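A structural model of the following input is requested.
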Amino acid sequence: MKREALIHPFDPLFDKDSRVLILGSFPSPVSRKNAFYYGNPRNRFWKLMSLLYEEEITDRVQFCHSHHIALWDVISTCTICGSSDSSIQDVTVNDIAGLIAGTRIRSVFTTGSKAWQLYRKYVTDAPEAIRLPCTSGANAAMHMEDLLKHYRIIREVTDEED
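Predicted coordinates for the structure are as follows:
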């Protein structure tokens, strides 16, 4: 597969009341085509969020806003082969600290090790990130029950009173 130089194709999803930021590395080809986070039907992120919050998600944007969840990716531009995180090179990162400064975000979570590694390497002026397992269908060793145990911390933070 050919390596492509890409620019992140869509804006972060957040509002001033966002409390948690969930970061991936870079959108997959299917997510880029669908112009939304975790847009590949094989990715279990949205099913996981539905189970975590015990509700059917019919509008992903509204769901995130109502639960004070912000979504973005660590990478602004990179070269990549398909959706392979291991092929990522020539990284520039998004202004994550700038996004956080305009919100109530106090916790940052990464979905997968590549996002966590890049966050730790490049983002020094923002809260420490908590690494969560990847929700990709390629991470078949991680069952939904296991993902729920790890991701429960997100609900704990979003349900906290100020």
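
Tell me, how many residues neighbour Ala140?
Neighbour count of Ala140, defined by other C-beta atoms under 10 Å: 7. Every C-beta, even on glycine, is put in place using the N, C-alpha and C of the backbone.

same question, the one 5 residues further on
Residue neighbour count, defined by other C-beta under 10 Å, stands at 8 for Glu145.

and it, that's in a strand?
No. Counting by DSSP: H, G, I helix; E, B strand; the rest coil, Glu145 falls outside a strand, being helix.

just the helices in this structure please.
29-34, 45-53, 60-66, 96-101, 113-122, 144-159 (DSSP state H).

Could you check these and tell me which one is nearest Asp85?
Evaluated over the helices of the chain, closeness to Asp85 peaks at helix 113-122, with 3.8 Å, by C-beta to C-beta.

Now do the contacts for the residue positioned nearest the centre of the chain.
The residue lying closest to the centre of the chain (C-alpha atoms, centre = their mean) is Leu23, at 3.0 Å. Taking C-beta atoms under 8 Å, 6 or more residues apart in numbering as the criterion, Leu23 is in contact with Leu71, Trp72, Asp73, Val74, Ile96, Val108, Phe109, Thr110, Thr111, Ala115, Tyr119, Ala129.

Show me what the third one is bridged to.
Translated: Asp73. Assessed by DSSP bridges, Asp73 has beta-bridge partners Gly24.

Does it touch Lys114 like I think?
No. Using C-beta atoms under 8 Å, Asp73 is not in contact with Lys114; the gap is 10.4 Å.

Regarding this protein, what is its longest strand?
strand 75-81 (DSSP state E).

Would you mark the buried spots in it?
Under the neighbour-count criterion of 16 or more other C-beta atoms under 10 Å, strand 75-81 has Ile75, Ser76, Cys78, Ile80 buried.

can you count the residues close to the closest residue in space to the first one that isn't next to it in sequence?
What that stands for is Ile75. Take Ile75 and drop its neighbours on the chain: the residue closest to it by C-beta to C-beta, 6 or more residues apart in numbering is Phe26, 4.3 Å away. By the criterion of other C-beta under 10 Å, Phe26 has 23 neighbours.

Can you tell me how far Phe26 is from Ala70?
17 Å (C-beta to C-beta, to the nearest Å).

ok, Asp15 - contacts?
By C-beta under 8 Å, 6+ apart, the contact list for Asp15 reads His65, Ala70, Thr103.

again with Ile154
With C-beta under 8 Å, 6+ apart, Ile154 has these contacts: Val20, Ile22, Leu52, Ile69, Ser107, Phe109, Leu132.
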